[in-house]
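Undergrad: need a structure here:
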Amino acid sequence: MNPIPDPIAATTPLGFGLPQVRRETSVTPQRRKARILVVDDDPGLLRLLTIRLRAENYEVEAFDSASGALGACARFRPDLVLTDLRMDNMDGIGLLKELHSRWPGLRVIILTAHGTIPDAVHATQSGAFGFLTKPVEKQELLEQVQKALKFSGFALTSEEWRAPIVTRSQLMEDKLSQANMVAGTDARVLLSGETGTGKRLLARAIHDASPRRNKAFVAVNCNASDELALQTELISALQTADGGTVLLEEVSQLSLRLQLALMRVLQDNEVRPAEGGAPVAVNIRIISSTHRDLQPLVAAGQFREDLFYRLNVIHIELPSLGQRREDIPLLVAHFLGRIAKETGERKIYAPEALEVLASAEWPGNVRQLSNTVRQNVALAAGPIVTAELVQQSLGGSGAKLPSFDEARDEFTRNYLSQILQVTGGNVSQAARLAKRNRTDFYKLLSRHQLQPEDFKKN
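TA: The predicted model follows:
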């Protein structure tokens, strides 16, 4: 048993004098039809299965080949796949493996006319939820389907889980489809992407689509300078979210000591209370997020390799706003509606102003767009936001406005460069002047790609 280290837990009262962890409640979902994809090269059986399933109020799409089914999955987003075992080109096992490589939580039932034990063993060993022998008996079919949907978590899922995410982008739809597939499992998820792309929203959406939706969703920001406060917050989050989900935001910022402590919690499923006492068993799902590539950090020894593989079971990379520009008008309308609801003040963008927004660079992504719309509404003299006002808010003729994180990073890099210049590249002296320990100072230099040798005086 390896709980979070006692010295910190024993000396820090739970939540005393610290920001409280963010516990969010879930909305009550509305039901939708379960989506089932049926694949079989026998036209008669394909038609019969489709009729039977639609009669039970399932939404069904049918294909006579594995390639056709794969092409439809991202669009149709099925909750369950029924596939024949014996098919030309790609058989049912091949389709199963391909589906699980893309959507690990997707349940698959294999259909076979060869109801032998080896077929059943092969199918289940390959990850099939179950198998049915032909001719398929109606009641057995429906029972298997209901059981598979129950295990996938569909019974309580609905489109409400993704309601806060505004998009018409196919690229973003693919990410949402992947998230929906994995939501029915307890697999740990690593969300990556630039700052402001909506990683927290997607983490919350995965929680709301999961069987854990009625338990707590707690977010912990790992980008904290006070390790003692962060450890206490982490302990509190793990206890608060028992049965639910914990989001570790910017997990790359965890110190090596806290990485080890987290690794032990994941191994033992136990956490030691901050006020002391015996370890407490916890049942939590971990979702992590980062705007940095963790693999170079692993290679540099700054992030534990074993922890990386435990957190990175499923990886979803969110696209930047520049990769989903078709969403900009939709997002602007969404933000205007939210502002109108908050303030009672309704404004619209002139067509030319919307064009400026759609063509501008967005290093701060959706978050920066939201802030820009709020600024435009606040500064607009009349009911219409003009192109000139938008250009001014972007720093000129469509020039990009740096995000807060970008501005902070630029300041930090300039500060580090100046202090290294003053000390002639002496890291020990520079760390003392910055009032940081050498380890933290080296991490800052690495993060901002600064080499002390470049500042040494000849």
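Undergrad: alpha carbons only for contacts and neighbour counts from here, please
TA: Will do.
Undergrad: buried residues, stretch 325-333. List them.
TA: Buried residues in stretch 325-333, counted by 16 or more other Cα atoms under 10 Å: 325, 327, 328, 329, 331, 332.
Undergrad: give me the domain ranges for the chain.
TA: 6-23+162-317, 35-156, 321-393, 404-455 (automatic domain parsing).
Undergrad: make JSON lines out of those and add mean pLDDT.
TA: Below are these laid out as JSON lines (pLDDT from 0 to 100):
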{"stretch": "domain 6-23+162-317", "mean pLDDT": "85"}
{"stretch": "domain 35-156", "mean pLDDT": "83"}
{"stretch": "domain 321-393", "mean pLDDT": "92"}
{"stretch": "domain 404-455", "mean pLDDT": "82"}
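Undergrad: and which of the buried residues of stretch 325-333 is nearest residue 371?
TA: Within the buried residues of stretch 325-333, the smallest distance to residue 371 is 10.6 Å, found for residue 332 (Cα to Cα).
Undergrad: list the contacts for residue 162?
TA: Residue 162 makes contact with 176, 202, 205 under the criterion Cα atoms under 8 Å, 6 or more residues apart in numbering.
Undergrad: make it 10 Å
TA: 176, 179, 180, 201, 202, 204, 205, 206, 208, 209 (Cα atoms under 10 Å, 6 or more residues apart in numbering).
Undergrad: among those, which ones are buried?
TA: 176, 179, 180, 202, 204, 205, 206, 208, 209.
Undergrad: how close does the fifth one sit to residue 198?
TA: Right, the one you point to is residue 204. Remark: distance between residue 204 and residue 198 (Cα to Cα, to the nearest Å) = 10 Å.
Undergrad: swap in the first one?
TA: Computed as Cα to Cα, the residue 176 to residue 198 distance reads 12 Å.
Undergrad: any common contacting residues for the two?
TA: With Cα under 10 Å, 6+ apart as the test, residue 176 and residue 198 both reach 165, 318.
Undergrad: list the contacts of the nearest residue to residue 352 once chain neighbours are set aside.
TA: In space, and not counting its chain neighbours, residue 352 is closest to residue 387: 5.5 Å by Cα to Cα, 6 or more residues apart in numbering. By Cα under 10 Å, 6+ apart, the contact set of residue 387 is 349, 350, 351, 352, 353, 354, 355, 356, 357, 393, 397, 398.
Undergrad: which residues are in contact with the second one?
TA: The reference is to residue 350. So residue 350 contacts 383, 384, 385, 386, 387 (Cα under 10 Å, 6+ apart).
Undergrad: closest one to residue 301 out of the buried residues of stretch 325-333, please.
TA: The closest of the buried residues of stretch 325-333, once distances to residue 301 are taken by Cα to Cα, is residue 325, at 37.1 Å.
Undergrad: hang on, isn't the closest one packed against residue 169?
TA: Yes. Applying Cα atoms under 10 Å as the test, residue 325 and residue 169 come out as touching, 8.2 Å apart.
Undergrad: what's the neighbour count on the closest residue to residue 326 other than its chain neighbours?
TA: Residue nearest to residue 326 in three dimensions, not counting chain neighbours: residue 169, with 6.5 Å by Cα to Cα, 6+ apart. By other Cα atoms under 10 Å, the residues close to residue 169 number 13.
Undergrad: try residue 85
TA: Residue 85 has 24 nearby residues by other Cα under 10 Å.
Undergrad: roughly how far apart are it and residue 132?
TA: From residue 85 to residue 132 the distance is 10 Å (Cα to Cα).
Undergrad: hey, what's in contact with both of those two?
TA: Shared contacts of residue 85 and residue 132, counting by Cα under 10 Å, 6+ apart, come down to 109, 110, 111, 112, 113, 114.
Undergrad: just the buried ones from those, in ChimeraX syntax?
TA: Typed into ChimeraX, the line below selects the buried ones among the shared contacts of residue 85 and residue 132, using 16+ other Cα under 10 Å:
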select :109,110,111,112
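Undergrad: distance of the residue nearest to residue 352 relative to residue 327?
TA: Residue 387 is 19 Å from residue 327, by Cα to Cα.
Undergrad: repeat that for residue 250.
TA: 25 Å.
Undergrad: show me the contacts for residue 53.
TA: Residue 53 neighbours (Cα under 10 Å, 6+ apart): 35, 36, 38, 59, 60, 138, 141, 142, 145.
Undergrad: give me the phi and psi angles of it.
TA: phi -70, psi -40 (degrees, to the nearest 10).
Undergrad: residue 60: what secondary structure?
TA: Secondary structure assignment for residue 60 (DSSP: H, G, I helix; E, B strand; the rest coil): strand.
Undergrad: beta partners for it?
TA: Judged by DSSP bridges, the bridge partners of residue 60 are residue 36.
Undergrad: that one against residue 48, yeah?
TA: No. Assessed by Cα under 10 Å, residue 60 is found out of contact with residue 48, at 11.8 Å.
Undergrad: would you enumerate the residues in contact with the residue lying closest to residue 293 once chain neighbours are set aside?
TA: Of all residues not flanking residue 293 in the chain, residue 192 sits nearest, at 7.8 Å (Cα to Cα, 6+ apart). By Cα under 10 Å, 6+ apart, the contact list for residue 192 reads 198-199, 250, 288-294, 315-319.
Undergrad: what's the most distant pair in these?
TA: 198 and 294 (18.6 Å).
Undergrad: ok, residue 426 to residue 442 distance?
TA: Counting by Cα to Cα, the gap from residue 426 to residue 442 is 12 Å.
Undergrad: now do the shared contacts for these two.
TA: residue 452.
Undergrad: which parts of the helix or strand hosting residue 368 are buried?
TA: Element membership for residue 368, per DSSP states H and E: helix 365-379. In terms of neighbour count (16+ other Cα under 10 Å), helix 365-379 has its buried residues at 365, 366, 367, 368, 369, 370, 372, 373, 374, 376, 377.
Undergrad: so which elements touch that helix?
TA: helix 328-343, strand 348-349, helix 351-359, strand 384-385, helix 387-393 (3 or more Cα pairs under 10 Å, 6 or more residues apart in numbering; DSSP states H and E).
Undergrad: helix, strand or coil for the residue lying closest to residue 191 once chain neighbours are set aside?
TA: Closest residue in space to residue 191, ignoring its immediate chain neighbours: residue 289 at 4.5 Å, by Cα to Cα, 6+ apart. When classified by three-state DSSP, residue 289 comes out as strand.
Undergrad: I am finished for the moment; much appreciated.
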